[in-house]
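**Q** pasting the structure only:
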């Protein structure tokens, strides 16, 4: 197990290094600089700015300096938002995305699993059909369409919720609903099919035959096994929800990290681009890393010791 | 079986519970929006900024978002009234010498900082020195706005390190003496611009002062009370502002959404009291609906900016003036403003928009923009003649570039279609990302490009010094000695009539003779304002002033 974890961790570091290097050189290859605007800054002032930020040096020098800086944990100061540290901006805006994301994930899992279980238990009955129609709709309707729709109905027309902003608990309702519709649908379908499979498995029949009570069968055998695919899905889903909230954040005017990411590229805010890329990279890699480990812990069928790895 | 139904019951309770919880919050939501309308009566204004201001340091600011907010928090020597005329701000009166070179500002004695400190002439000297100091980090991009002051440019470019050579002196706490390099008729109104704002001397030792409400000590009608990165900015009435009896709003809350559709929807839902320009944009595809549904709240005001296409006069085939003229003549500007932009913009046939002060009144009223007309037959003839002069049998391929935006795209497609129908010329349109676009335009790597210009100050000079041979913003390759001489003459002259004559000659050269540019329309500011919100001031350039606004 330790070896497995160490191995995964090592590959994570390698990917991170490749990500940092590739982003750095790609970013420098895009035309433009952080100080461009329709009205040109006089050349002397432009030159002074480039010098102050070290942008007048050759790219490889900038690259090594940057690597040195981040090794000491210094992500620098934003080139657009003067006097603000990259880490401060990331933490401030990520807190909004995180709150939104966590709610969406929790809601997706609870409602998704519940719907899936109901559908499996009432297989080919009304509840199953309704749940699956909802699931198909949830998967088919893109989140930005749903977001605009509920924003228009519940925000603009009915006035039940704010159209935009992220002040009170109520402001979570619409964006969370828009973000979680798709995962709910996906989880419901996953849960349903895997539960159906488990319900018809021999060991369930054995358990029933042994006369175990219904609760024990459900919770000890059916749900625990039926929910496995959901656990594997939670990793990529977390990544998807946290990175994919860009559009939802834009529609509901929420100042999350997604908005920062898009804007810093347009602005050529180099330190910010690197900071956010590394942050996203670490986040996604960690999500996968944890999923891998959790999966091993939950599913006894995955054996680590054996021929292949060694 | 009984247990199974118990389980079902439990899940049903959960589901129903969730639904009920949802209903509960819906009701609270209803009261929430009511609170908003009530809040409007408490003199709390809600607006949206489409981008977060990068900084609140007047020395660093350079965008319209920062402009709007800084104008709430600071006040310069003068401020602009509803007719864009300078009226007393921190300075209660001023004397201007007869040669137009020396300004003596008498500061009001009751001017204070938001922390109660007295505001003195030294604070202005401190702030202006900070802008001009070549060692300021990051280098203030708008330092050149102060180059009208004698010695300022030399100090900024390190020709001298002695600040006493710069024409700014605080002769006592309430007197500021400014000496200019050349007579600059618009200098007075320029002192209302944010680069000229005073700055509290406590900022010296704190590089992050402008990012934190606690260290933002300001002198204007409002002070910064909340700034949540990415979410919200809030300013509150400043009790220490000298004229606070005239300030009726208690608070201004700014949301930060970059989506025009969201802003509009939010306005319709009553969450915002003001939407649209200059801090946002109403999507053009929503204009017909807005015109119908919100007719009485729609505010269309001509402002001093221009939307135009520019020819690269060094690139084939636009190195020929006749071909440039043919292209400029062969479109219907009225159709573009009626059918594409739909905001009642005025078709442009010159380069200086209405609203810019001329000799006595509006420059555009004193000098008409009749430099050319739209004429399809004439255009075809000119194109033929131009092609003959250059020896073309067919025109070389032409590409029009614009930066990615829905509006620019629609205009580009309409224009290309008109050229095809009226001239029989196939023009390729190409959208480019902003940075790429700017780079191509600056390095003259294009044939026709979209462009726009808004004034830095209220004088035609801001439109003409752009096209001199040494101008850093001249990205059309136009170099003309006669033109340079005219602009230089206007630059050094104190005689306003002569200056305006120079400008008219320069404009004739630029548009009528050379057709370096293809003017399309003069900007209109498109905004939605709630009927009970009064006193919002839009200046000649389209900057907005909310400080004297109030709810009825």
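**A** Ah, there it is. Please read these numbers as outputs of a predicted model, since none were measured by experiment.
**Q** Please name every helix or strand in contact with whatever helix or strand residue B:419 lives in.
**A** For residue B:419, the host element (DSSP states H and E) is helix B:406-423. In terms of contacts (3 or more C-beta pairs under 8 Å, 6 or more residues apart in numbering or on different chains; DSSP states H and E), helix B:406-423 is packed against helix B:321-329, helix B:376-390, strand B:398-403, strand B:427-432, strand B:448-453. For every residue, glycine as well, the C-beta is placed using N, CA and C.
**Q** now what about it, what contacts it?
**A** In this structure, residues lying in contact with helix B:406-423 by C-beta atoms under 8 Å, 6 or more residues apart in numbering or on different chains are B:283-285, B:307, B:309, B:326-327, B:330-332, B:335-336, B:339-341, B:376, B:379-380, B:383, B:400, B:402, B:425-429, B:431, B:450, B:520.
**Q** Which parts of the stretch 451-552 of chain B are helices?
**A** Here the stretch 451-552 of chain B has its helices, by DSSP state H, counting those that start in this stretch, at B:461-464, B:481-492, B:496-507.
**Q** pLDDT weak spots in the stretch 101-250 of chain A?
**A** Along the stretch 101-250 of chain A, segments meeting pLDDT under 70 span A:244.
**Q** swap that for chain B, please
**A** Scanning chain B for pLDDT under 70 picks out the ranges B:1-41.
**Q** Point to the residue nearest the middle of it.
**A** Geometric centre of chain B, nearest residue: residue B:64, 5.2 Å, by C-alpha atoms, centre = their mean.
**Q** nearest to chain A, of the helices and strands packed on helix B:406-423?
**A** Of all the helices and strands packed on helix B:406-423, strand B:448-453 sits nearest to chain A, with 7.0 Å by C-beta to the nearest C-beta.
**Q** Touching the closest one from outside, list them.
**A** With contact meaning C-beta under 8 Å, 6+ apart, strand B:448-453 is reached by A:38, B:305-312, B:318, B:327, B:398-403, B:408, B:411-412, B:427, B:437, B:440-441, B:463, B:466, B:475, B:517-518, B:523.
**Q** Strand partners (parallel or antiparallel) of it?
**A** Partners of strand B:448-453 in the sheet, by DSSP bridges, are strand B:298-311 (antiparallel), strand B:398-403 (parallel).
**Q** Kindly provide the distance from residue B:399 to residue A:83.
**A** 41 Å (C-beta to C-beta, to the nearest Å).
**Q** of these two, who's got more company?
**A** residue A:83 (20 against 13; other C-beta atoms under 10 Å in any protein chain shown).
**Q** Which positions in the stretch 301-450 of chain B make contact with chain A?
**A** Residues of the stretch 301-450 of chain B found near chain A (C-beta under 8 Å from any C-beta of the partner chain) are B:433-436, B:438-440, B:442.
**Q** Narrow the residues you listed to those that are buried.
**A** B:434-436, B:438-440, B:442 (16 or more other C-beta atoms under 10 Å in any protein chain shown).
**Q** Would you mind measuring from residue B:485 to residue B:67?
**A** Look at residue B:485 and residue B:67: by C-beta to C-beta, they are 34 Å apart.
**Q** my bad, residue B:270
**A** Separation of residue B:270 from residue B:67 (C-beta to C-beta) stands at 27 Å.
**Q** Let me see the contact set for the single nearest residue of the stretch 151-300 of chain A relative to chain B.
**A** Going by C-beta to the nearest C-beta, chain B is nearest to residue A:255 of the stretch 151-300 of chain A, at 2.1 Å. Residue A:255 makes contacts with A:93, A:96, A:166, A:249, B:52, B:228-231, B:256, as judged by C-beta under 8 Å, 6+ apart.
**Q** Check residue B:487 too.
**A** Listed by C-beta under 8 Å, 6+ apart, the contact set of residue B:487 reads B:461, B:464-465, B:468, B:502, B:506.
**Q** got the residues you listed as CSV, with distance to residue B:362 columns?
**A** Below are the contacts of residue B:487 laid out as CSV (distance: C-beta to C-beta, whole Å):
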residue, distance to residue B:362
B:461, 15
B:464, 16
B:465, 20
B:468, 24
B:502, 18
B:506, 18
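**Q** Which of those sits closest to residue A:203?
**A** Within the contacts of residue B:487, proximity to residue A:203 (C-beta to C-beta) peaks at residue B:465, which comes in at 85.1 Å.
**Q** Count the neighbours of the closest one for me.
**A** 19.
**Q** any idea how far it lies from chain A?
**A** Distance, residue B:465 to chain A, using C-beta to the nearest C-beta, to the nearest Å: 12 Å.
**Q** Same check on residue B:498?
**A** From residue B:498 across to chain A, the span is 27 Å (C-beta to the nearest C-beta).
**Q** Show me the helices in chain A, by range?
**A** In chain A, the helices defined using DSSP state H lie at A:2-29, A:43-52, A:59-71, A:86-121, A:126-140, A:143-150, A:173-199, A:202-210, A:214-216, A:224-226, A:228-251, A:257-267, A:270-298.
**Q** May I see the buried residues of the longest one?
**A** Buried residues in helix A:86-121, counting neighbours by 16+ other C-beta under 10 Å, are found at A:86, A:88-90, A:92-98, A:100-101, A:103-105, A:107-109, A:111-121.
**Q** Would you mind giving the orientation angle of it with respect to helix A:270-298?
**A** If you take axes from the mean of the first three to the mean of the last three C-alpha atoms, to 10 degrees, helix A:86-121 sits at 30 degrees to helix A:270-298.
**Q** Output the contacting helices and strands for helix A:86-121.
**A** Packing partners of helix A:86-121 (3+ C-beta pairs under 8 Å, 6+ apart): helix A:126-140, helix A:173-199, helix A:228-251, helix A:257-267, helix A:270-298, helix B:2-41.
**Q** Next SSE downstream of the longest one?
**A** Think helix B:2-41. From helix B:2-41, the next helix or strand downstream (DSSP H and E) is strand B:44-48.
**Q** what lines up beside that next one in the sheet?
**A** strand B:251-255 (parallel).
**Q** between whatever helix or strand comes next after the strand it pairs with and strand B:44-48, what angle do the directions make?
**A** Next helix or strand after strand B:251-255 toward the C-terminus (DSSP H and E): helix B:260-268. Comparing the axes of helix B:260-268 and strand B:44-48 via the same axes, to 10 degrees yields an angle of 160 degrees.
**Q** name the helices or strands packed onto helix B:260-268?
**A** helix A:228-251, strand B:274-276.
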